[in-house]
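1. sequence first, predicted model second:
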Amino acid sequence: MGGKKKRKRKEEEGGSSVYSETPPDFALLASLYPSFHPFVQFSPRPTIRWTDFNATRELTRVLLHHRHAINWFASSSSSSWIPDGQLCPTVPNRCNYVHWLQHLLSSNIIPDAVSTGDGKVRGFDIGTGASCIYPLLGASLHGWTFVGSDVTDIAIEWAERNVNNNPHISQLIEIRKVQCNANAPGVEVGESVNGVEITLCKRTDTEVASLPLDFHDSENKIYHGPPILVGVVRDDEKFDFCMCNPPFFESLEEAGLNPKTSCGGTSNEMVCPGGEKAFITRIIEDSIQLKHQFRWFTSMLGKKSNLKYLISKLWEVGVAVVKTTEFVQGRTHRWGLAWSFLTPKQKSSISLPDKKTCPSHLRGLQCQHSAINVLEAVKSHFSSCGLSCALNTSSFTVDVAASKDDCDSILRNELSIINKSVDWKPTRETSNASLNSSLERLCFRILVFQQIPGTLLVKGSLQDRNSPLSGTFSVIFRKLEEALRNKFCTKSV
Ligand SMILES: C[S@@+](CC[C@H](N)C(=O)[O-])C[C@H]1O[C@@H](n2cnc3c(N)ncnc32)[C@H](O)[C@@H]1O
């Protein structure tokens, strides 16, 4: 696909932002902001040293002010708006997420329940950080109201400070401290590892302290830290969305030091046992309990490889719609995952309902076509898709078997049709090598019979409804339905 087409697709998904079109002009910013000037190297072309934490922090400050009218000067004499070493957000990357949320909210995919009664969009930012970047951006760009939560005292203190420094939007933002459950086992967020705050990425040559042994235990992928949504969101609250830039990494070693940039980030901000996979899994679990209190649940991901697991987890818990996107900023790639329990209003894209509600009946084929004609069309449809099938003219059935690869490729095709705006139910991961081979195939039967005089009914039934591949059945059946309607129906029935 050409670059133009790709960009258009991204824009349709809400996956690009103003920063892809108009990157920061360092020379202009240096001339407007004397505090930024010393960090700019003008030759061969204006840029900053990305490995210098003070330079990236200053860039964030000036961009927030210049582009978003967000005031970053503390009211005290301090000129910092986040303390040394705390994660310093890059504005373009954070804007991409806000831009995508705006796209989701306005896309009309799910019912448009106004949460607060005052007509304002209300969001919940999980782990708002010292910068409070998402509430500040969301409030300033779109007038959204926010609750921003965090677990550490330092994040709460500075987030409040940053909100108060922006009186024009401060009324829109509430900062909420997550009360850590004293009995919760595992990580003690708010305390530092080994009693020292370990700073990541601050400098390229920063040493990362060694960790206690049990911190390396990657076996336990279950999140067992402080509450995330359940226990933090109040019973009477409703939100249009939640968002999260989670601690991506499982360990300090994994977080490592990115030699190319310096965005700061402490252990508390960057690391959680089980990494983002465990953290987002907990958000998914919380979302089941809070399904009526949020329109959209969303999170950012740092690793594409976690998407597959999380999407299948989502379908397992019975969500109604899943969306993903990719955020690309320079050489940094991030992914967005969104889900909702509200039934989509329109079928703008594919949704695979749960097994019990799989469409499996095609009614109303006019009887001027014989059942045999229809049966043969069924067989030739599946044969042309490369699936193995057997026609039985005495039982009026076609038995079809699709391999896991067939199912994956059917889903992939669907995905490309819907411009990679993903609404799909992938096959469950089959990591267990001893898996019975029948589980690796999706077997189903198509039956054609006369339901009432004059009309034929085409019915599909799965051989094993619990097959991990059964999610693909609704796509397969819908494709068959389309093919049969095109061939036999003069008008939609
Ligand atoms: C990667 S930082 C993101 C900060 C900011 N939102 C940003 O995008 O720059 C993750 C944040 O989540 C916070 N955090 C970790 N566990 C949390 C929990 N259970 N509830 C709320 N915040 C949490 C950390 O303290 C940290 O500030």
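-> Looks like it came in fine.

2. next up, the contacts around the closest residue to the ligand within the chain.
-> Closest approach between the chain and the ligand, counting by CB to the nearest ligand atom: G127, at 2.2 Å. From N, CA and C alone the C-beta is placed, and that goes for glycine too. G127 makes contacts with 149-151, 155, 244-247, 269, as judged by CB atoms under 8 Å, 6 or more residues apart in numbering.

3. try it again at 7 Å.
-> 149-150, 244-246 (CB atoms under 7 Å, 6 or more residues apart in numbering).

4. next: L59.
-> By CB under 7 Å, 6+ apart, L59 lies in contact with I48.

5. check the secondary structure at it for me.
-> When classified by DSSP: H, G, I helix; E, B strand; the rest coil, L59 comes out as helix.

6. and it, what's its pLDDT?
-> For L59, the pLDDT comes out at 90.

7. interface residues of the chain facing the ligand?
-> For the chain, the residues in contact with the ligand (CB under 6 Å from any ligand atom) are 87, 89, 126-129, 131, 133-134, 149-152, 155, 178, 189, 225-226, 228, 245, 247, 268-270.

8. sitting in strands, which of those do you find?
-> Among the residues of the chain next to the ligand, DSSP state E puts 126, 149-150 in strands.

9. out of these, who's nearest G330?
-> Relative to G330, the closest of those is I126; by CB to CB it sits at 25.4 Å.

10. the closest one contacts C242, doesn't it?
-> Yes: contact criterion CB atoms under 7 Å: I126 and C242 qualify, at 6.0 Å.

11. so what sits against both of the two?
-> Each of L229 lies in contact with both I126 and C242 under the rule CB under 7 Å, 6+ apart.

12. what about the strands in the stretch 51-200 of the chain?
-> Per DSSP state E, counting those that start in this stretch, the stretch 51-200 of the chain carries strands over the ranges 122-126, 145-150, 173-177.

13. how about the stretch 301-450 of the chain?
-> Going by DSSP E, counting those that start in this stretch, the stretch 301-450 of the chain shows strands at 321-329, 332-340, 361-366, 388-392, 397-403, 441-452.

14. lowest average pLDDT across those?
-> When the strands of the stretch 301-450 of the chain are compared by mean pLDDT, strand 361-366 comes last with a mean of 56.

15. where does the stretch 201-350 of the chain dip in pLDDT?
-> In the predicted model, the stretch 201-350 of the chain carries pLDDT under 70 at residues 201-220, 252-265, 345-350.

16. thinking again about what came up before, quick check, pLDDT for the residue of the chain closest to the ligand.
-> pLDDT, G127: 96.

17. in stretch 318-332, what counts as buried?
-> By neighbour count on 16 or more other CB atoms under 10 Å, the buried set for stretch 318-332 is 319-329, 332.

18. what about it, how long is it end to end?
-> Stretch 318-332 has an end-to-end distance of 32 Å (criterion: CA to CA, to the nearest Å).

19. likewise stretch 241-250?
-> OK, stretch 241-250 end separation, CA to CA: 26 Å.

20. what lies in contact with it?
-> Applying CB under 7 Å, 6+ apart, the contact partners of stretch 241-250 are 97, 101, 105, 123-127, 134, 218, 229, 255, 269-276, 279-280, 283, 294-300, 302.

21. what about the helices in the stretch 151-300 of the chain?
-> For the stretch 151-300 of the chain, the helices defined by DSSP state H, counting those that start in this stretch occupy 153-164, 167-170, 252-255, 267-270, 275-289.
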